[in-house]
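Engineer: Just to be clear, the model below is a prediction. Sequence and coordinates:
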Amino acid sequence: MKVVILCGGQGTRLREETEFKPKAMVEIGQIPVLMHIMKCYAHYGYKEFVLCLGYKGQQIKDYFYRYEMLTNDFTIDLHSKAITFHPRNALQYEGWKITLADTGLNSMTGARLKRVEKYIGGDLFMLTYGDGVTDLNINELISFHKGHGKIGTVTGVVPPSRYGELLIEQDRVVSFMEKPDYGGGAISGGYFVFKREFFDYLQDDDGCVLEKLPLERLAKDGQLRVFHHKGFWQCMDTFRDYNYLKDMWEMGSPPWKLWRD
């Protein structure tokens, strides 16, 4: 089963980091957030990826094309130009296959997904965005999807509040809760499983937005179910989010780090 990752947006609310690089390449602990996501899928055995590229997509292509050189020690013979790599963990990326597809500079999420249909084999595929990390159990998500038999599954999450919550009576603070659970109910965590039939809901048009008509129609047709995830989830939507994730990584044992180095 292939994993499609949408990593073509401009990340305008993270402009401090994305002015010179695509959002998916913003680093947490010297590792692009895209690799954090991919390593989580690989932890559960899903190692075939299709990356939907757009804004500064060439940087993502360059990163993976030169990945072995960037992440390992190597010896080079300057006369013959022969290179011998000294892998730090030869088995870590065994079986990984990555398709890097240019899906347009200004195309919306639905159009990007439609344009990689030709790279998706089999009846099922997974989909996520290139900016959200989680400790989601992918195997449980897939089992849930196969169990209900509908076309799509979306992972529902309850994100933490961005600010401390005050319970007030007149001008007196009755209680203060630092970053309590978000009180607005579940939102889409962006981790999906779909049958191939979902491509029929999409259009190869730059303006096709996955989160609007396609998913709205799927829900109206009774073909969308939600998998409730009560564990950790956090998107990297703003510079505040980026600093939050970076601080968690630097403190050690970030909850989404399921893999072993």
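Structural biologist: Received it, and whenever you're ready, just let me know what you need.

Engineer: give me the element Y41 is part of.
Structural biologist: helix 33-43 (DSSP states H and E).

Engineer: so for that helix, what's the average pLDDT?
Structural biologist: For helix 33-43, the mean per-residue pLDDT is 96.

Engineer: Report all helices and strands that that helix contacts.
Structural biologist: strand 2-7, strand 48-53, strand 132-134, helix 138-148 (3 or more C-beta pairs under 8 Å, 6 or more residues apart in numbering; DSSP states H and E). C-beta: built from backbone N, CA, C; applies to glycine.

Engineer: Now do the helix or strand following the last one and helix 138-148, the angle between them.
Structural biologist: This means helix 138-148. Per DSSP H and E, the first helix or strand lying C-terminal to helix 138-148 is strand 152-157. Interaxial angle of strand 152-157 relative to helix 138-148 (axes from the mean of the first three to the mean of the last three C-alpha atoms, to 10 degrees): 130 degrees.

Engineer: List the neighbouring strands of strand 152-157 plus their orientation.
Structural biologist: If you go by DSSP bridges, strand 152-157 pairs up with strand 187-195 (antiparallel), strand 224-228 (parallel).

Engineer: tell me the angle the longest one makes with helix 33-43.
Structural biologist: Relative orientation of strand 187-195 versus helix 33-43 (the same axes, to 10 degrees): 50 degrees.

Engineer: Mind putting the strands paired with strand 152-157 into JSON lines with mean pLDDT and mean neighbour count?
Structural biologist: Converted to JSON lines, the strands paired with strand 152-157 look like this (pLDDT from 0 to 100; neighbours: other C-beta atoms under 10 Å):
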{"stretch": "strand 187-195", "mean pLDDT": "93", "mean neighbour count": "21"}
{"stretch": "strand 224-228", "mean pLDDT": "92", "mean neighbour count": "17"}
